[in-house]
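In: sequence isn't available, so here's the structure alone:
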């Protein structure tokens, strides 16, 4: 879904965020993976104060209430999503819906569990870095680990008349999501990781040992070492592709006013 008319920057951003959540909830495997993760953590949620960080439509807040949470702070900065969540969650007295940036939220109580979905297709390229700026410390992050994986393959196995070798040549240095069908293409090696308190904004990766003229990336999301979802299975996270133009590349993540910018370049 694309917005095709001109809007003021703030209104465009708010509407674009809304459409992003529509696509997230259309990814039934991703939502089911998160809900199963919450159910498996019922013992951490029941009778406790929890946070749904960036609650969107409020599905995960609702799940935590049904699992016995004493209170759920549902935090949402987007006004459209806030209104949708309000209509969904108003029947639950255990939920306090707050329209604010997560970085401004400071609860009076200690927080047992915080569930979040701040992962981008390149791991840190959405809002994951804001978890380094919280004014509270949950005892449990759900999920608690994520990895940006990568792999190399031969473009001759994927190109066709549309995405041809000459098209790929023009895309050197460009990261493109969804360029090829990622079915049956395995992620091969880790590039960069996230876990609570271990945010990384720069990495250098040597792929000399890997063969192929096409580099691709995908994320894997875990809790307690159990995979919750990953690119290529949860379709909202597609693989990201780029023609190989060396053996060593750099990834830098720089926070912006809204989200995080990704900088990618080859150095060898």
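Out: Yep, it's here. Since the model is a prediction, treat every value here as computed from it, not as a measurement.

In: ok, now how distant is the residue lying farthest from the centre of the chain from residue 167?
Out: For the chain, the residue at maximal distance from the C-alpha centroid (C-alpha atoms, centre = their mean) is residue 161, at 32.3 Å. To residue 167, residue 161 is 10 Å away according to C-beta to C-beta, to the nearest Å. All C-beta atoms are positioned from the backbone trio N, CA, C, and that covers glycine.

In: just residue 142 next, same as before
Out: With C-beta to C-beta as the criterion, residue 142 and residue 167 are 41 Å apart.

In: what residues are up against residue 260?
Out: Neighbouring residues of residue 260 by C-beta atoms under 8 Å, 6 or more residues apart in numbering: 120, 124-129, 253-254.

In: hmm, try it at 6 Å
Out: 124-125, 129, 253 (C-beta atoms under 6 Å, 6 or more residues apart in numbering).

In: what's the closest non-adjacent residue to residue 128?
Out: Distances taken as C-beta to C-beta, 6 or more residues apart in numbering place residue 118 nearest to residue 128, at 4.5 Å, with adjacent residues excluded.

In: number of residues surrounding that neighbour?
Out: The number of residues packed near residue 118 is 19, by other C-beta atoms under 10 Å.

In: how many residues are close by residue 7?
Out: As a burial measure, residue 7 scores 12 neighbours (other C-beta under 10 Å).

In: which residue, neighbours along the chain excluded, lies closest to it?
Out: residue 15 (6.8 Å).

In: what about residue 43, distance to residue 73?
Out: 20 Å.

In: on that earlier part again, and residue 142 and residue 167? which has more neighbours close in?
Out: residue 142 (26 against 14).

In: which element is the residue lying closest to the more buried one once chain neighbours are set aside on?
Out: Leaving out its chain neighbours, the residue that sits closest to residue 142 by C-beta to C-beta, 6+ apart is residue 115, at 4.4 Å. If you go by DSSP states H and E, residue 115 is part of strand 113-116.

In: what's that strand packed up against?
Out: Applying 3 or more C-beta pairs under 6 Å, 6 or more residues apart in numbering; DSSP states H and E, we find strand 113-116 packed against strand 49-53, strand 140-142.

In: assign the closest residue to residue 36 other than its chain neighbours to helix, strand or coil.
Out: Nearest residue to residue 36, sequence neighbours excluded (C-beta to C-beta, 6+ apart): residue 228, at 7.8 Å. Look at residue 228: counting by DSSP: H, G, I helix; E, B strand; the rest coil, its state is strand.
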